[in-house]
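Colleague: Structure, please.
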Amino acid sequence: MELQILLTFILAVLTVTLVGVGLYVILVLKEFRETLQKSNMILEDVENVTNAVSNPLSLITGALKGYKTFKNFRKEE
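Modeller: As a prediction, the model looks like this:
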């Protein structure tokens, strides 16, 4: 009879422990998800800044190439 009580107690302790571990895993995964969302937002901001810097530079280089082509064309005439 005492063995049955002991086994029931051990089973109850294991159940409570596993429920606690399960809740902790859920909380860690939730925090990990939030971290991934924040890092995704940061990467999108970096992409926007990169595009904002590269677009004017490509326009400037395109304008310079056009000017050089026009200048070379005028020299040939």
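Colleague: all strands of this structure, in order?
Modeller: In order along the chain, the chain carries no strands (DSSP state E).
Colleague: Sketch out the low-pLDDT regions of it for me.
Modeller: 55, 57-59, 62, 67, 70-71, 73-77 (pLDDT under 70).
Colleague: what about the helices in it?
Modeller: 2-76 (DSSP state H).
Colleague: Leu36: neighbouring residues, count only.
Modeller: Burial of Leu36 is recorded as 10 neighbouring residues (other Cβ atoms under 10 Å). Heads up, the C-betas are built off the backbone N, CA and C, glycines and all.
Colleague: Also the one 10 residues further on?
Modeller: By the criterion of other Cβ under 10 Å, Val46 has 10 neighbours.
Colleague: Tell me who's in contact with it.
Modeller: Not one residue lies near Val46 by Cβ atoms under 8 Å, 6 or more residues apart in numbering.
Colleague: Ala52 versus that one, what's the distance?
Modeller: Going from Val46 to Ala52 by Cβ to Cβ, to the nearest Å gives 11 Å.
Colleague: Kindly report the same for Tyr24.
Modeller: Distance from Tyr24 to Ala52, by Cβ to Cβ: 42 Å.
Colleague: got it, and Leu14?
Modeller: Distance from Leu14 to Ala52, by Cβ to Cβ: 57 Å.
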